[in-house]
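K.L.:
How does the following fold in three dimensions:
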Amino acid sequence: MPGPPPKLPSNRRRRNPPAGGEWTMLGDPPSKRPALPRPYPKGGWSPAAKTAWKSWWSSPVASMWDPSDHDTVEMLLRLIHNWDPPTASQATAIQRFKNGLGLTPAGRRQLRWMFPREEPDPADAVIDAPGSNVRRIRAVESGEAQ
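P.N.:
Next up, the predicted model:
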């Protein structure tokens, strides 16, 4: 993805829709996490695979997956399970799967998914607030009255 990430709609000057579509605010993670897929590999799932499965399904990103994505999540789980020792091709495949599922910041940018902010940034409330002496910096021409 060349170039900087797109601005949020509230920060845009132009109001025409972006070529990549609007940003989507992620919802709450699914209330019920699916069980680890069967058949289990010989000796059971690795600790890394169990941890990854739990964290993926407790992420708000999982709310965007539909049943057709579950097989992709399972393929990623099998790659994570067979991770030791890692090869370059395995690392590349894992990165691509994670990007496609929105499990990385780059993947979420590409899919235009955004985590909801838990708390508003306190600096946003102070800048330009009535009665506040904090102002945004702006460029002025030399000799222009301030």
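
K.L.:
Please tell me how far Q110 sits from R33.
P.N.:
Separation of Q110 from R33 (Cβ to Cβ, to the nearest Å): 25 Å. C-beta coordinates here come from the backbone N, C-alpha and C atoms, glycine included.

K.L.:
and if you look at A139?
P.N.:
Look at A139 and R33: by Cβ to Cβ, they are 51 Å apart.

K.L.:
What ranges does this structure have for its strands?
P.N.:
24-25, 113-114 (DSSP state E).

K.L.:
before we move on, the earlier item: more crowded one of A139 and R33?
P.N.:
R33 (13 against 5; other Cβ atoms under 10 Å).

K.L.:
Can you tell me which of the strands of the chain is most buried?
P.N.:
strand 113-114 (a mean of 16; mean count of other Cβ atoms under 10 Å).

K.L.:
What strands line up against it, and which way round?
P.N.:
strand 24-25 (parallel) (DSSP bridges).

K.L.:
The strands of the chain into TSV, with extra columns for distance to Q90 and mean pLDDT?
P.N.:
Converted to TSV, the strands of the chain look like this (distance: least, Cβ to Cβ, whole Å; pLDDT from 0 to 100):
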stretch	distance to Q90	mean pLDDT
strand 24-25	30	88
strand 113-114	25	90
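
K.L.:
Put together JSON lines for those strands, with distance to K7 on each row.
P.N.:
Formatted as JSON lines, the strands of the chain follow (distance: least, Cβ to Cβ, whole Å):
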{"stretch": "strand 24-25", "distance to K7": "15"}
{"stretch": "strand 113-114", "distance to K7": "12"}
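
K.L.:
Of those, which is nearest T87?
P.N.:
With Cβ to Cβ as the measure, strand 113-114 is the member of the strands of the chain nearest T87 (29.5 Å).

K.L.:
May I have the distance across stretch 40-53, first residue to last?
P.N.:
Start and end residues of stretch 40-53 are separated by 13 Å (Cα to Cα, to the nearest Å).

K.L.:
Oops, could you answer that again for stretch 32-52 instead?
P.N.:
16 Å.

K.L.:
List the buried residues in that stretch.
P.N.:
P37, W45, S46, A49, A52 (16 or more other Cβ atoms under 10 Å).

K.L.:
Now do it: everything it contacts.
P.N.:
Stretch 32-52 is contacted from outside by 53-54, 57-58, 70, 74, 76-78, 80-81, 83-84, using Cβ atoms under 8 Å, 6 or more residues apart in numbering.
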